[in-house]
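Participant: Could you work out the structure for the sequence below:
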Amino acid sequence: MRSRQVARELALLGLSQLSSQPERLANLDFEELLLASVRGLRSEVQETLEQAAAELQRSHSALHKADLALGDALDSRAHLDQAIVLTEAAINRLGTSVDLPEWLYQTRQTEIRSYALHLLCTWRTQAQAVDERIQASLVGWQLARLPRLTRGILRLATTELLYTDTPNQVVINEAVELAKRYGEETSFRLVNATLRQVLRPAAVPSVADPDSPTEEILPG
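Facilitator: Here you go, the predicted model:
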């Protein structure tokens, strides 16, 4: 199923650039998708590094106040911790670029091209229903406030769960792996729990706690 994995990754990175312009998906060709995907990866790395730099600057400013109070020190530590998390995320995404030549070569396969485009086009035609299903399944979050790539992972995985014959376990496992690769530190738990709820939306609780433990990830 390696070709499907590459197709999902390709669709995710393309969606991060094209989701704000869904009309472009109507007549999207593969070369346009590929370009959008590469730009999406570059954009995510740049944005994460910029956020990390901003947090480091805030930490530096707090540390160099003339009279460093305990509150300032704690504030500085919080900014520094966040900068470390963001820098690690950027490094992980930069690491993805090491695989880019092989990844680009694999995208020449017809199956990868067709499945990536199929996922994106299906999401475009079912976008409202997909987003409503996700929002009904989210516990303690608003879809619009999720990080862009986490939002994209949920949209594509929900599309695959509802509108393809791919086994549910495979879809969830693959989405979790994408969240580990491209999401924030705890994104994979949110993705796992939300997709389980997508399959049984009536079970969504009315009270949300984003820090509550999630169910175990489905085994591979």
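Participant: neighbours around R148, how many?
Facilitator: By other C-beta atoms under 10 Å, the residues close to R148 number 17. C-betas here are computed from N, CA, C, even on glycine.
Participant: Now do the SS call for the closest residue in space to L143 that isn't next to it in sequence.
Facilitator: Spatial nearest neighbour of L143, chain neighbours left out: Q135 (5.0 Å); criterion: C-beta to C-beta, 6 or more residues apart in numbering. Under DSSP: H, G, I helix; E, B strand; the rest coil, Q135 falls in the helix class.
Participant: I'd guessed Q135 sits against L146; true?
Facilitator: No: using C-beta atoms under 8 Å, Q135 is not in contact with L146; the gap is 10.4 Å.
Participant: These two: which is more packed in?
Facilitator: More crowded of Q135 and L146, by other C-beta under 10 Å: L146, with 21 against 15.
Participant: what's the spacing between the more buried one and T125?
Facilitator: Distance of L146 to T125, computed by C-beta to C-beta, to the nearest Å: 22 Å.
Participant: Which residues are in contact with the residue nearest to E111 when sequence neighbours are not counted?
Facilitator: What sits nearest to E111 in space, not counting adjacent residues and going by C-beta to C-beta, 6+ apart, is S3, at 4.8 Å. The contact partners of S3, taken as C-beta atoms under 8 Å, 6 or more residues apart in numbering, are Q106, Q109, E111, I112, Y115.
Participant: now for the helix or strand where the last one lies, which elements pack on it?
Facilitator: Using DSSP states H and E, Y115 falls within helix 110-125. Judged by 3 or more C-beta pairs under 8 Å, 6 or more residues apart in numbering; DSSP states H and E, the packing partners of helix 110-125 are helix 2-18, helix 30-63, helix 148-163.
Participant: among these, where is the model least confident on average?
Facilitator: Mean pLDDT values for these show the minimum at helix 30-63, a mean of 63.
Participant: Please look at A175 and R189 and confirm they touch.
Facilitator: No: judged on C-beta under 8 Å, A175 makes no contact with R189 at a distance of 11.8 Å.
Participant: more neighbours, those two?
Facilitator: Neighbour count, other C-beta under 10 Å: between A175 and R189, A175 has more, with 26 against 18.
Participant: what packs against the strand or helix carrying the more buried one?
Facilitator: Assigned by DSSP H and E, A175 belongs to helix 168-182. Where contact means 3+ C-beta pairs under 8 Å, 6+ apart, helix 168-182 is packed against helix 2-18, helix 70-98, helix 148-163, helix 187-199.
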